[in-house]
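# Here you go, sequence then predicted model.
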Amino acid sequence: MSKAKASAGRKTRARKPILKGAAAKSAQKSEGLLTHYAEAWKMRVNGATFREIGEAMGIPLTTAHDWCRKAREANQQEAAEIRKDAREQALERLQPAAARAARLYEETGRADHARALAALEKRIAELVGSDAPKQVQVSGHDGGPLRYAVMTDEELRKEAGE
């Protein structure tokens, strides 16, 4: 059996290109910066101010702010890609199911097949965004404002009964 036939059904990982000279130095610098961005973002998420981040990392306050912004943007982009992949996977499952439901409804005329088809088509429309946008307003009890409290971790644990 040839190598092409043997590997036809397997997924392969993309190989990282071998970089030399200036390109290698640039890639190393980029990886180092990403590590610094992540470290700064972790400190920020844990409550550090930009000034505290700058002092801890030996960088100016404005650089600390920029690094945190870039880390946040990278996280948002990664989350968007994950959501997109999840939508695509859901569509790959739902579309054949909708086709089967449509065929069964055409063949039998049964109401349960029609309900299944309607539910599948509704979910597909939600995933591809073909429905009209929905406005959602969040409010507190009887339409009043949301109530919230600022607590320390210790107060929160006490409130939760831990």
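Nice, I can see it.
# average pLDDT across the helix ranked longest in the chain?
As assigned by DSSP state H, the longest helix anywhere in the chain is helix 61-108. On average, the pLDDT along helix 61-108 is 91.
# So which elements touch it?
helix 22-45, helix 50-57, helix 111-128 (3 or more Cβ pairs under 8 Å, 6 or more residues apart in numbering; DSSP states H and E). (Glycine included, C-beta is placed from N, CA and C.)
# pLDDT averaged over the longest one, what's the number?
Looking at helix 22-45 alone, the average pLDDT works out to 70.
# And the last one, by the same measure?
Here helix 111-128 scores 91 as its mean pLDDT.
# Now do L91 against E126, distance only.
Note on L91: its distance to E126, by Cβ to Cβ, to the nearest Å, is 11 Å.
# swap in C68?
If you measure C68 against E126 using Cβ to Cβ, the figure is 34 Å.
# Please identify the deepest-packed of the helices and strands packed on helix 61-108.
helix 50-57 (a mean of 16; mean count of other Cβ atoms under 10 Å).
# If you count contacts, what does that one end up packed against?
Under the contact definition 3+ Cβ pairs under 8 Å, 6+ apart, helix 50-57 sits against helix 22-45, helix 61-108.
# Which among those is found nearest to Y148?
helix 22-45 (19.4 Å; Cβ to Cβ).
# Any idea how many residues pack against I82?
10 (other Cβ atoms under 10 Å).
# What is the distance between the longest helix of the chain and the centre of its chain?
Taking Cα atoms, centre = their mean, to the nearest Å, one finds helix 61-108 lying 7 Å from the centre of the chain it belongs to.
# Quick one: work out the angle between that helix and helix 50-57.
Per axes from the mean of the first three to the mean of the last three Cα atoms, to 10 degrees, the angle that helix 61-108 makes with helix 50-57 is 110 degrees.
# Got the phi and psi for S130?
Backbone geometry at S130, expressed as degrees, to the nearest 10, gives phi -90, psi -10.
# who are the neighbours in contact with it?
Contacts for S130 (Cβ atoms under 8 Å, 6 or more residues apart in numbering) come out as none.
# Any figure for the gap between the most centrally placed residue in the chain and D85?
When Cα atoms, centre = their mean is applied to the chain, the residue found nearest the centroid is A79 (2.1 Å). Look at A79 and D85: by Cβ to Cβ, they are 11 Å apart.
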